[in-house]
Structures are given as C-alpha cells and as structure tokens.
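*Asks:* Below are the sequence and a predicted model for it; my questions follow.
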Amino acid sequence: MASYKELLDRLYEKVKVTESSERFEIPKANVRIEGNKTIVVNFSQICSRLKRKPNHLAKFLSKELASQAIVEQNRLILNRKLNAKMVNEKIELYVKEFVICPECKKPDTELIKEKRFVFLHCLACGAKHSVRSV
C-alpha cells in the first residue's frame, strides 16, 4: 500500500495548475471602424486573457453579430459597421457562457470536446457542464 505522501505526489501530477486571481475582469475590445468594416485591434490579447482559441471566439462573434469574421494577424475583422458597445456586450456573453464556471464563478476553465458534445470543465472546482457548440 502506498504512503500518504506518494498518493499526494501522484495526485499533484494529475492536477492542472490554475491561476488564482482575486478579481477577473473581462477585457474590453479596442474597436476601430474602417469603411464598412469593424476591426478589433486587441483580439489576440482578449483570446489569451480568456484562454480560448481565436477561431472559437471569432465564430461566436460572427454568429452573434450577424457578420462575417476573419482572424488576420492579431486582430479580428468584421464585415459590418459595429460600435464598441455591441462588440463588448457579445464578448461578455461569450465569457458568461464559455469561460466562467456556473458552480464556483471562477474563470479557470477549459473547453473539452467529447464525441459530438462540448463541455466546460472547471479546473478550480472540477465541475463539468455542457455548453452549446459554436
């Protein structure tokens, strides 16, 4: 039988490290309008802060804002004139649905795809909830 310390060490090897932040702030989009296009200049920073793939967030914004979205370099180009308020509201909706854990309200989560279903797995409390696929 393994000792307590050995079991504890084995457990820590399997557990993923989470960033424990006291207060999580949703990043605000830096929006610029050029002609009929809306450009989110800080799109890559938003994705890295949310720990989500740029294509996932871009697809969500494309559907929610009814506009074609193209990820180019570190920015997102939407083929429609939109103000910053609209874009930020949709990013907040994305965070509530795909980032924040419904159980413990922490942002330390990851998206896991199992067969045809997508789950939000919380690294802080271990909860697992299904989310809609984008």
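*Replies:* Done, it's in. Numbers count the residues shown, from 1 in each chain.
*Asks:* list the buried ones in the biggest helix by length in the chain?
*Replies:* Secondary structure of the chain per DSSP state H: the longest helix is helix 84-98. Applying a neighbour-count criterion of 16 or more other C-beta atoms under 10 Å, one finds 86-88, 90-91, 94-95, 98 buried in helix 84-98. Just so you know, the C-beta spots here come from the backbone N, C-alpha and C atoms, and that holds for glycine as well.
*Asks:* out of the residues you listed, who's nearest S3?
*Replies:* F98 (40.7 Å; C-beta to C-beta).
*Asks:* And the next helix or strand past the helix or strand of the chain with the lowest mean pLDDT?
*Replies:* Per-element confidence for the chain was summarised using mean pLDDT, DSSP states H and E. The lowest value among helices and strands belongs to helix 4-14, with a mean of 83. Under the assignment DSSP states H and E, the closest C-terminal helix or strand after helix 4-14 is strand 31-34.
*Asks:* Quick check: neighbours of that next one in the sheet, parallel or antiparallel?
*Replies:* According to DSSP bridges, the neighbouring strands of strand 31-34, each with its direction, are strand 37-40 (antiparallel).
*Asks:* what's downstream of the strand it pairs with, the next helix or strand?
*Replies:* With DSSP H and E, the next secondary element past strand 37-40 is helix 43-50.
*Asks:* Next, the angle from the helix or strand that comes right after that next one to helix 84-98.
*Replies:* Scanning the chain past helix 43-50 towards its C-terminal end, the next helix or strand to appear is helix 54-64 (assignment: DSSP H and E). Computed by axes from the mean of the first three to the mean of the last three C-alpha atoms, to 10 degrees, the angle separating helix 54-64 from helix 84-98 equals 120 degrees.
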